[in-house]
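Participant: below is the structure, and that's it, no one-letter string:
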């Protein structure tokens, strides 16, 4: 609406990403204020703000459709993604934003790890926990905004959660988990986009999420240290040792 009122293209991707970043930051501040000033938990505050902002967005879509210069067509792609419809400049913009997020994570990796594992210890070491929390939420916000065009608002949640959870099966070190999660996300995106391009009428965003879910399932079952199969083998080996010891005790008697 603002871009049209200024005489520009209402569906310009940089403008839409900037607008989504501004409104997402307002939502983040609203969640942070509700958690600090009320007795609501963070989950409840996120749910309340998300539902209100989502409802406001649907109302604004209706208003845009009723405007003389309104063009709602194409805005729905930000809910489910439209990777196949991306232009080269869109890809460059998203790649640049992703690189900036990675650089920020690398610079803030130590205080973020301290706050994530033990906020009390971090505060005792002089770390400003509130600022680090806001920085982490801001990076999540940035990833969400960057991924809107790729897989959409609804499916970006899956890409925020599944790769790091998958990486957690393979390592106990935070830094290794971060890089492994990035590799898993990149592989999911590349394979999902390739499958979508090779078959007609396959939506790219959902395919990317399904590939990521498949990698999660494989890790859940076959990870060497934390997988289900490893746990079963370890339990059976433990039971076998117990039975052997019981047998030796019985023979010694």
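Facilitator: Received it, and whenever you're ready, just let me know what you need. If you're wondering where the values come from, they're calculated on a predicted model, not measured in any experiment. Residues are numbered from 1 along each chain as shown.

Participant: now stretch 114-125, how far from the centre of its chain.
Facilitator: Chain-centre distance of stretch 114-125: 23 Å, with C-alpha atoms, centre = their mean, to the nearest Å.

Participant: straight-line length of it, end to end?
Facilitator: Using C-alpha to C-alpha, to the nearest Å, one end of stretch 114-125 lies 9 Å from the other.

Participant: what comes up buried for it?
Facilitator: 114-115, 122 (16 or more other C-beta atoms under 10 Å). (C-beta placed from N, C-alpha, C; glycine too.)

Participant: from those residues, pick the one nearest residue 157.
Facilitator: Nearest to residue 157 out of the buried residues of stretch 114-125 is residue 115 (C-beta to C-beta; 22.0 Å).

Participant: for the helix or strand containing residue 62, list every residue counted as buried.
Facilitator: Using DSSP states H and E, residue 62 sits within helix 42-66. Residues of helix 42-66 classed as buried: 45-46, 49, 64 (neighbour count, 16+ other C-beta under 10 Å).

Participant: next, the contact list for residue 187, please.
Facilitator: Neighbour list for residue 187: 211, 215 [criterion: C-beta atoms under 8 Å, 6 or more residues apart in numbering].

Participant: how far does the helix or strand where it lies sit from its chain's centre?
Facilitator: Using DSSP H and E, residue 187 sits in helix 174-198. In terms of C-alpha atoms, centre = their mean, the centre of helix 174-198 is found 12 Å from the chain centre.

Participant: avg pLDDT for it?
Facilitator: For helix 174-198, the mean per-residue pLDDT is 88.

Participant: cool, and stretch 29-41?
Facilitator: 84.

Participant: same check on stretch 226-235?
Facilitator: Computed over stretch 226-235, the average pLDDT equals 84.

Participant: run through who's touching whichever helix or strand comes after the helix holding residue 187.
Facilitator: The helix or strand immediately downstream of helix 174-198 is helix 204-222, counting by DSSP H and E. By C-beta under 8 Å, 6+ apart, the list of residues contacting helix 204-222 from outside reads 80-84, 150-152, 155, 158-159, 162-163, 165-166, 169-170, 184-185, 187-189, 191-193, 195-197, 227-230.

Participant: buried set for helix 204-222?
Facilitator: 204-209, 211-212, 215-216, 219.

Participant: could you dump the buried residues of stretch 114-125 to JSON lines with pLDDT and secondary structure?
Facilitator: Formatted as JSON lines, these follow (pLDDT from 0 to 100; DSSP: H, G, I helix; E, B strand; the rest coil):
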{"residue": "114", "pLDDT": "90", "secondary structure": "helix"}
{"residue": "115", "pLDDT": "90", "secondary structure": "helix"}
{"residue": "122", "pLDDT": "89", "secondary structure": "helix"}
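
Participant: and which of the residues you listed is nearest to residue 89?
Facilitator: residue 115 (36.4 Å).

Participant: follow-up on the earlier one: tell me the one of the buried residues of stretch 114-125 nearest residue 24?
Facilitator: residue 115 (20.9 Å).

Participant: for the closest one, which residues are in contact?
Facilitator: Residue 115 touches 122, 127, 129, 132-133, 136, counting by C-beta under 8 Å, 6+ apart.

Participant: and it, how far from residue 100?
Facilitator: 21 Å (C-beta to C-beta, to the nearest Å).
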